[in-house]
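Undergrad: just to be clear, the model below is a prediction. Sequence and coordinates:
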Amino acid sequence: MRREKHEDIRDQVRERYADVATTDRGCCCGDASCSAVSTNAEDVSAKIGYTPEEMGAAPEGANMGLGCGNPQAIAELRPGETVVDLGSGGGLDCFLAAKQVGERGKVIGIDMTAEMVSKASANARKGDYRNVEFRLGEIEHLPVSDESADVIISNCVINLSPDKPQVFRDAFRVLRKGGRLAVSDVVAVGQLPDDVKQNLDAYCGCVAGAASVSEVERMLLEAGFSDVSVEVKDESRESIKGWFPGSGVEEYVRSADIKARKPKCAPGCCNCV
């Protein structure tokens with residue numbers, strides 16, 4: 001994909017989610033189902049794996065109903081760990097992760113939309129989350145030091161990137177040796193029709209940019225990850241059906257839990273335990 005096309009997609013996604021942040025309208029990924037967050041987010045989040053306790057624990061306004069899974073629930077977070085969230089939105093997953101890593105841990109949310117960073121930062125102040133911070137940046141070029149994170153999470157955001165291999169390469173860079181990646185995202189399970197692939201609403205709505213399972217596995221392995229796992233959630237078909245009603249996109253994409261690990265040693269090392 002040409003660089004100009006990359007930037008055009010990035011600008012369109014940034015504009016779309018800036019609007020979501022400032023108007024409090026969640027899109028449940030698909031644009032056609034946009035509705036007021038206050039009336040829809042909890043229903044959406046319950047369908048994709050959040051418990052009532054989790055939703056009730058986050059500051060008001062953090063849950064925007066924008067995900068396709070519950071990444072912090074599959075990340076096996078431990079006290080004291082440093083977590084980086086790619087595309088943190090209103091901060092829901094960051095705040096839930098913060099509870100798990102505790103006061104000795106740290107959570108860093110990254111979002112390329114200034115409006116989302118402002119919203120999430122306000123939510124952190126509202127909830128007095130002292131171990132959470134939000135930074136403005138692109139997930140392809142994270143404003144995070146090398147080998148400084150134990151875990152990377154993300155929720156229905158990597159599919160929006162026009163340069164997914166670079167997302168995984170930079171995630172690998174910021175993870176410590178032995179660090180983990182735990183992502184909820186949309187993957188393609190069939191060949192998307194050309195009219196869907198060229199539809200900007202479908203791209204911003206987490207459909208047209210979805211990579212296949214084999215492509216995701218390949219990109220992670222090429223970035224250097226091991227123990228790669230992509231678990232497709234077939235039950236997500238019904239939720240996806242509501243993203244673009246009548247379009248049939250549910251035949252081509254599904255939500256998936258994606259996990260991988262950064263090896264503790266370089267390839268060929270004989271001393272790793």
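TA: Perfect, thanks for sending it. Numbering: from 1, shown residues only.
Undergrad: secondary structure class for residue 144?
TA: The assignment at residue 144 comes out as coil when based on DSSP: H, G, I helix; E, B strand; the rest coil.
Undergrad: distance of it relative to residue 159?
TA: 21 Å (Cβ to Cβ, to the nearest Å). Quick note: C-beta positions are derived from backbone N, CA and C, even for glycine.
Undergrad: same check on residue 66?
TA: 12 Å.
Undergrad: check which helices and strands the host helix or strand of residue 107 sits against.
TA: Secondary structure assignment for residue 107, by DSSP states H and E: strand 106-111. Applying 3 or more Cβ pairs under 8 Å, 6 or more residues apart in numbering; DSSP states H and E, we find strand 106-111 packed against strand 82-86, helix 92-101, helix 114-127, strand 132-136.
Undergrad: and residue 12, which of those is closest to it?
TA: helix 114-127 (15.1 Å; Cβ to Cβ).
Undergrad: could you give the angle of the closest one to strand 106-111?
TA: 150 degrees (axes from the mean of the first three to the mean of the last three Cα atoms, to 10 degrees).
Undergrad: so which residues of the stretch 101-250 of the chain form strands?
TA: Secondary structure of the stretch 101-250 of the chain by DSSP state E, counting those that start in this stretch: the strands cover 106-111, 132-136, 149-155, 175-188, 211-212, 226-233.
Undergrad: using CSV, list the CA coordinates for the fourth one.
TA: Listed next in CSV are the C-alpha coordinates belonging to strand 175-188 (Å, rounded to 0.1, in the frame of the first residue of the first chain):
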residue,chain,number,x,y,z
LEU,A,175,8.3,-5.6,25.3
ARG,A,176,10.8,-7.0,27.7
LYS,A,177,12.3,-10.4,27.0
GLY,A,178,9.6,-12.9,27.9
GLY,A,179,6.9,-10.2,27.6
ARG,A,180,3.4,-11.0,26.4
LEU,A,181,1.0,-9.7,23.8
ALA,A,182,-2.8,-10.2,24.4
VAL,A,183,-5.1,-8.6,21.8
SER,A,184,-8.7,-8.7,21.0
ASP,A,185,-9.2,-7.9,17.3
VAL,A,186,-11.1,-8.6,14.1
VAL,A,187,-9.8,-11.1,11.6
ALA,A,188,-10.9,-12.1,8.2
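Undergrad: what distance separates that strand from the middle of the whole chain?
TA: The chain centroid and the centroid of strand 175-188 are separated by 9 Å under Cα atoms, centre = their mean, to the nearest Å.
Undergrad: go on, stretch 135-146?
TA: Counting by Cα atoms, centre = their mean, stretch 135-146 comes out at 14 Å from the chain centroid.
Undergrad: before we move on, the earlier item: tabulate the strands of the stretch 101-250 of the chain (CSV), appending mean pLDDT.
TA: Formatted as CSV, these follow (pLDDT from 0 to 100):
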stretch, mean pLDDT
strand 106-111, 98
strand 132-136, 98
strand 149-155, 98
strand 175-188, 97
strand 211-212, 96
strand 226-233, 97
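Undergrad: rebuild the ones you listed as TSV, extending it with mean neighbour count and distance to residue 54.
TA: What follows is these, written out as TSV (neighbours: other Cβ atoms under 10 Å; distance: least, Cβ to Cβ, whole Å):
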stretch	mean neighbour count	distance to residue 54
strand 106-111	26	15
strand 132-136	18	15
strand 149-155	26	13
strand 175-188	23	14
strand 211-212	18	28
strand 226-233	15	18
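Undergrad: looking at the ones you listed, spot the one closest to residue 250.
TA: strand 175-188 (11.1 Å).
Undergrad: partners of that closest one, with directions?
TA: strand 149-155 (parallel), strand 211-212 (parallel), strand 253-261 (antiparallel) (DSSP bridges).
Undergrad: and residue 105, which of the ones you listed is closest to it?
TA: strand 149-155 (8.5 Å).
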